[in-house]
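Student: Predicted model, plus sequence, below.
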Amino acid sequence: MAYGVFTAQPLLLSSGGFSLLGTAHLSWLVACAGVVALVERAHARARRPRLVLLTASVVMLSLLASEDALMIFSHTFTKVWWPLHFCNFAEYLCLVYSIRPSHVCRELLLTLGLMGGMAAMLFPGWLSCPPYTWPVACGFMEHALIFAVSWCAVREGRGRFRLRDVRVSLAFVAAYVLFFRWLNALLGSNYGFVSGPAYGTPLEWWYDALGDPLYLLPYALCFLVAALALNLWASSWSAAARGRGGGRCEKGAQRTGLALPHRGGGHPCA
């Protein structure tokens, strides 16, 4: 069927897509890398870095709203297109963090944001759409912004991560999968791709090989391994930062003649 740049995504699914890691996909990945670098640089240099994150969060949610508006105007915004995927929750978390940062939110952005943003850019769920249309542009740009804001949030939390923090992400994902397996069956939807695979992704390969629900096992295993790896990296990075901070405090105390507390004393850098 004929389509335009601003055609709603449900109407593009049979209009011809693009290949995984083909020319169009690689071009979008370069654009995504540019967006991530721009946000990271702006955040690092800004006098009010939280305002940079708030701006990026508002932009990503505006792109999401524009996609929904196209579907509403074309009467294709049904219950299977509600913004309830993993990455939609990451978008909401980006906004929440930019307004009221917390370590729980930062931990979820470490896993859902970094992992989900990267996975969606590498294995986009919109491969069946023409590559240079508004829904595809929004898909790539939203996930690039998710990744960028999440990276900045993780960098702000350097020194605070512990390996045990991974429990927050695991609990959230377990609750999400259980709830949306039930809701997907009720609505006939596929939020989080926990009731079926996304076209052209590894989920489709596992689904063809194992069927439903066994394809969820490698899906869950990949998330578990990646979440543990990210938290191990973040906690090691934090431990190194705390160690350097302690060293600087000790040297400063020696120079000024201040006595450092021993057992039972408070930490001078706390």
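Tutor: Received the coordinates, thanks. Owing to the predicted nature of the structure, the values given are computational and were not obtained by experimental measurement.
Student: Let me know the average pLDDT across stretch 40-51.
Tutor: Taken as a whole, stretch 40-51 has a mean pLDDT of 95.
Student: Distance from that stretch to the middle of the chain?
Tutor: Its chain's C-alpha centre and that of stretch 40-51 lie 19 Å apart, by Cα atoms, centre = their mean, to the nearest Å.
Student: quick one: buried residues of it?
Tutor: Within stretch 40-51, the residues that count as buried by 16 or more other Cβ atoms under 10 Å are 40, 42-43, 49-50. In this view, the C-beta of every residue, glycine as well, is placed from N, C-alpha and C.
Student: before we move on, what about stretch 214-226?
Tutor: For stretch 214-226, the neighbour count (16+ other Cβ under 10 Å) marks 215-216, 218-219, 223, 226 as buried.
Student: low-scoring stretches of this structure, by residue?
Tutor: 1, 242, 244-270 (pLDDT under 70).
Student: can you pull out the helices in the stretch 151-270 of the chain?
Tutor: Taking DSSP state H, counting those that start in this stretch to define them, one finds helices in the stretch 151-270 of the chain at 166-187, 202-210, 216-256.
Student: mind giving me CSV with the ones you listed and columns for distance to residue 84?
Tutor: Output for these, formatted as CSV (distance: least, Cβ to Cβ, whole Å):
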stretch, distance to residue 84
helix 166-187, 7
helix 202-210, 17
helix 216-256, 17
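Student: Residue 123 is nearest to which of those helices?
Tutor: helix 202-210 (6.6 Å; Cβ to Cβ).
Student: tell me the contacts of the residue nearest the centre of the chain?
Tutor: In the chain, the centroid-proximal residue (Cα atoms, centre = their mean) is residue 113; its distance is 1.9 Å. Going by Cβ atoms under 8 Å, 6 or more residues apart in numbering, residue 113 touches 90, 93-94, 146-147, 149-151, 153.
Student: who wins for neighbours among those residues?
Tutor: residue 149 (32 neighbours; other Cβ atoms under 10 Å).
Student: That one and residue 96 touch, don't they?
Tutor: No: counting by Cβ atoms under 8 Å, residue 149 does not reach residue 96; the two are 10.9 Å apart.
Student: circling back: nearest to residue 2, out of the helices of the stretch 151-270 of the chain?
Tutor: helix 202-210 (28.0 Å).
Student: what would the contacts of residue 113 look like in JSON lines with distance to residue 12?
Tutor: Output for these, formatted as JSON lines (distance: Cβ to Cβ, whole Å):
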{"residue": "90", "distance to residue 12": "24"}
{"residue": "93", "distance to residue 12": "28"}
{"residue": "94", "distance to residue 12": "26"}
{"residue": "146", "distance to residue 12": "22"}
{"residue": "147", "distance to residue 12": "24"}
{"residue": "149", "distance to residue 12": "27"}
{"residue": "150", "distance to residue 12": "28"}
{"residue": "151", "distance to residue 12": "30"}
{"residue": "153", "distance to residue 12": "33"}
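Student: From those, which land in helices?
Tutor: 90, 93-94, 146-147, 149-151, 153 (DSSP state H).
Student: Can you tell me which of those is closest to residue 160?
Tutor: residue 153 (11.1 Å).
Student: was I right about that closest one contacting residue 106?
Tutor: Yes: using Cβ under 8 Å, residue 153 is in contact with residue 106, at 5.1 Å.
Student: which neighbours do these two share?
Tutor: residue 97.
Student: Next one: the residue nearest to residue 84 when sequence neighbours are not counted from residue 71, what distance?
Tutor: Leaving aside its chain neighbours, residue 84 sits nearest to residue 191 (4.6 Å; criterion: Cβ to Cβ, 6 or more residues apart in numbering). Look at residue 191 and residue 71: by Cβ to Cβ, to the nearest Å, they are 16 Å apart.
Student: Looking at those two, which is more packed in?
Tutor: The residue with more neighbours, out of residue 191 and residue 71, is residue 191; 22 against 17, by other Cβ under 10 Å.
Student: Make sure that one is actually in contact with residue 81.
Tutor: No: using Cβ under 8 Å, residue 191 makes no contact with residue 81, being 10.0 Å away.
Student: Before I go, just wanted to say thanks for your time.
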